[in-house]
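Peer 1: Sequence and predicted structure are below.
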Amino acid sequence: MGWTWQERSTWGQGYNEDQKHLLLEYCFEKPGLRRVAWRVDGLNPRSKAALERLGFVYEGKLRSHQRRPGGTRRDSLCYRLLAEESPAVGPRLLEMVAERSSR
């Protein structure tokens, strides 16, 4: 699954959840994928927390998996969502979007 990059000023306003909802809806409905996987840098607690809050399941760590732009090595944390789990995630994402946009 791809990245969702945002300007820092937009954080916490529901845009991340809205983007994830659209991406997941597309993945599970259009091409009919059975599994969506996401990897995050082990040093990025915000991304890790966001995926867990959205219902993704932690599957493990790939140690020294990639090189960061500065040349250091990163551990990648692996998360997944299965097609049969997605019906529970969609409404939760929409709820989170509504909750944040009403602020």
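Peer 2: Looks like it arrived, so ask away. Residues are numbered from 1 along each chain as shown.

Peer 1: going forward, measure contacts and count neighbours with C-alpha atoms only.
Peer 2: Noted.

Peer 1: helices and strands around the helix or strand bottoming out on mean pLDDT in the chain, which ones?
Peer 2: Counting by mean pLDDT, DSSP states H and E, the chain has its least confident helix or strand at helix 86-101, which shows a mean of 76. In terms of contacts (3 or more Cα pairs under 8 Å, 6 or more residues apart in numbering; DSSP states H and E), helix 86-101 is packed against helix 15-29, helix 45-54.

Peer 1: Poorly predicted segments of the protein, please.
Peer 2: Across the chain, the stretches falling below the confidence threshold (pLDDT under 70) are 1-4, 97, 101-103.

Peer 1: I'd like the distance between residue 19 and residue 43.
Peer 2: Residue 19 sits at a distance of 22 Å from residue 43 (criterion: Cα to Cα, to the nearest Å).

Peer 1: which one of these two has more residues nearby?
Peer 2: Neighbours around residue 19 and residue 43, counted as other Cα atoms under 10 Å, are more numerous at residue 19. The numbers are 16 against 12.

Peer 1: what separates that one from residue 5, distance-wise?
Peer 2: As judged by Cα to Cα, residue 19 and residue 5 stand 10 Å apart.

Peer 1: contacting residues around residue 62?
Peer 2: For residue 62, the contacting residues are 75, 76, 77, 78, by Cα atoms under 8 Å, 6 or more residues apart in numbering.

Peer 1: Would you list the phi and psi of the second one?
Peer 2: The phi and psi values for residue 76, taken as degrees, to the nearest 10, are phi -110, psi 130.
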